[in-house]
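In: A structural model of the following input is requested.
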Amino acid sequence: MELAKQSNFRQPFSQVYFAEEKSIQRFFDSESTNELFRQDIFTFEDYEKRFNEILKQGHSWVNLNFAGMLDDNLLVMAEFSGSENNAEFTVVNLSLPEKRVIENHWNVSSFIGII
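Out: Numbers count the residues shown, from 1 in each chain. As a prediction, the model looks like this:
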């Protein structure tokens, strides 16, 4: 969370939710909002087992992106390489949301719609 604080993230949140980057339906025209199905969003407790599976699959890296706030909840997107490569260990990176989300006071709901 120190990384988030350095980027002016000062909003309290009641829950942390996780989703995988590959679950987002992206629309590349400027008129459309990207979509994420509610069933693809997990609580920390529910995502823990899946995250451990990802680590055991041999990916060389996993990126946890603080995507932004949905209502009063923090959304973290997990991104990892599409192929397993039998890496001896997995590097876990942390990243901030897109600049437009930060400029929108960390509110991601204008850019990702939950369906």
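
In: okay, CA-based contacts and neighbour counts for the rest of this
Out: OK.

In: At the geometric centre of this structure, which residue do we find?
Out: Central residue of the chain (C-alpha atoms, centre = their mean): residue 77, 1.2 Å from the mean position.

In: neighbouring contacts of the helix or strand containing that residue?
Out: Residue 77 belongs to strand 73-80 when assigned by DSSP states H and E. Contacts to strand 73-80, defined as C-alpha atoms under 8 Å, 6 or more residues apart in numbering, come from residues 13-22, 59, 61-69.

In: list the helices and strands the top helix by length along the chain packs on?
Out: Counting by DSSP state H, the longest helix found in the chain is helix 44-56. Applying 3 or more C-alpha pairs under 8 Å, 6 or more residues apart in numbering; DSSP states H and E, one finds that helix 44-56 contacts strand 15-20.

In: Which SSE is immediately downstream of the strand it packs on?
Out: strand 34-36.

In: low-scoring stretches of the chain, by residue?
Out: The chain contains residues with pLDDT under 70 at 1-8, 30, 84.

In: Correct me if wrong: residue 64 contacts residue 97.
Out: No: contact criterion C-alpha atoms under 8 Å: residue 64 and residue 97 do not qualify, at 10.2 Å.

In: got the CA coordinates for the strand or helix carrying residue 68 in PDB?
Out: Under the criterion DSSP H and E, the helix or strand holding residue 68 is strand 61-70. The C-alpha atoms that make up strand 61-70 are tabulated as PDB, following Å, rounded to 0.1, in the frame of the first residue of the first chain:
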ATOM      1  CA  TRP A  61       6.000 -13.000 -13.400                       C
ATOM      2  CA  VAL A  62       2.700 -11.900 -12.000                       C
ATOM      3  CA  ASN A  63       1.600  -8.300 -12.000                       C
ATOM      4  CA  LEU A  64      -0.900  -7.000  -9.300                       C
ATOM      5  CA  ASN A  65      -2.300  -3.800 -10.600                       C
ATOM      6  CA  PHE A  66      -4.200  -1.500  -8.200                       C
ATOM      7  CA  ALA A  67      -6.900  -0.800 -10.900                       C
ATOM      8  CA  GLY A  68      -8.800   1.700  -8.800                       C
ATOM      9  CA  MET A  69     -11.900   2.100  -6.700                       C
ATOM     10  CA  LEU A  70     -15.300   0.600  -7.400                       C
END
